[in-house]
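Enquirer: build me a structure from this.
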Amino acid sequence: MFAFVASESREFSGLLRHVEGSTALDWGIDFARDGLLNGRAIVMAANGPGPKLAASAAKAIKGHYELEGLASIGFCGALLPDLHAGDVLVATSLVTVPHPGVPQALSLPHSHVAHALSVPRTH
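Expert: Have a look, this model is predicted:
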């Protein structure tokens with residue numbers, strides 16, 4: 001099973017157009033669905049912005065499936081003038097604001113583009 005995690009359910013709108021047999025899952029998080037993508041079983045989960053809520057979505061998935069891989073997907077602000085709508089950013093590392101239990105930098109081998117910053121939304 002391959003998993004996708006995002007902050008908001010709307011970040012899956014493009015992916016969901018290609019998912020067959022999508023089924024809503026009642027896991028106590030904002031959004032969870034499974035289905036088939038190109039004949040391969042996938043699961044998608046969203047539970048809000050920032051590393052703590054992303055971790056809760058990932059834990060919900062892990063509580064129900066044995067995972068082969070996990071991708072964090074979603075929208076982000078236009079931070080660089082050469083980034084355009086629909087561009088894909090592959091992070092060389094994930095840098096977070098200080099948060100108990102979350103590593104400050106996670107290396108991603110075989111990636112070559114930029115750093116990504118994850119900041120929890122405060123209300």
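Enquirer: which residues in this structure form strands?
Expert: Using DSSP state E, the strands of the chain run over residues 2-6, 19-24, 31-37, 40-46, 69-72, 91-96, 105-107, 114-118.
Enquirer: any idea which of the ones you listed has the lowest pLDDT on average?
Expert: The weakest mean pLDDT among those belongs to strand 105-107, with a mean of 42.
Enquirer: which strands and helices lie in contact with the longest helix along the chain?
Expert: Ranked by residue count under DSSP state H, the longest helix found in the chain is helix 51-62. Counting contacts by 3 or more C-beta pairs under 8 Å, 6 or more residues apart in numbering; DSSP states H and E, helix 51-62 is packed against strand 2-6, strand 31-37, strand 40-46, strand 69-72. C-betas here are computed from N, CA, C, even on glycine.
Enquirer: can you rerun that using 7 Å?
Expert: On a contact count with 3 or more C-beta pairs under 7 Å, 6 or more residues apart in numbering; DSSP states H and E, helix 51-62 meets strand 2-6, strand 40-46.
Enquirer: and the last one, what does it pack onto?
Expert: For strand 40-46, the packing partners by 3+ C-beta pairs under 7 Å, 6+ apart come out as strand 2-6, strand 31-37, helix 51-62.
Enquirer: so what secondary structure elements neighbour the second one?
Expert: Secondary-structure packing of strand 31-37 (3+ C-beta pairs under 7 Å, 6+ apart): strand 19-24, strand 40-46.
Enquirer: most neighbours per residue, which of the ones you listed?
Expert: Mean neighbours per residue, mean count of other C-beta atoms under 10 Å, is largest over the helices and strands packed on strand 31-37 for strand 40-46, with a mean of 21.
Enquirer: hmm, back to that, only C-alpha atoms, please: export the longest helix of the chain in PDB.
Expert: What follows is helix 51-62 as a C-alpha-only set of coordinates in PDB (Å, rounded to 0.1, in the frame of the first residue of the first chain):
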ATOM      1  CA  PRO A  51       4.200  18.500  11.200                       C
ATOM      2  CA  LYS A  52       2.100  17.500  14.200                       C
ATOM      3  CA  LEU A  53      -1.100  17.100  12.200                       C
ATOM      4  CA  ALA A  54       0.700  15.500   9.300                       C
ATOM      5  CA  ALA A  55       2.100  13.000  11.800                       C
ATOM      6  CA  SER A  56      -1.400  12.200  13.100                       C
ATOM      7  CA  ALA A  57      -2.600  11.500   9.600                       C
ATOM      8  CA  ALA A  58       0.400   9.300   8.900                       C
ATOM      9  CA  LYS A  59      -0.200   7.400  12.200                       C
ATOM     10  CA  ALA A  60      -3.900   6.900  11.300                       C
ATOM     11  CA  ILE A  61      -2.800   5.300   8.000                       C
ATOM     12  CA  LYS A  62      -0.100   3.200   9.700                       C
END
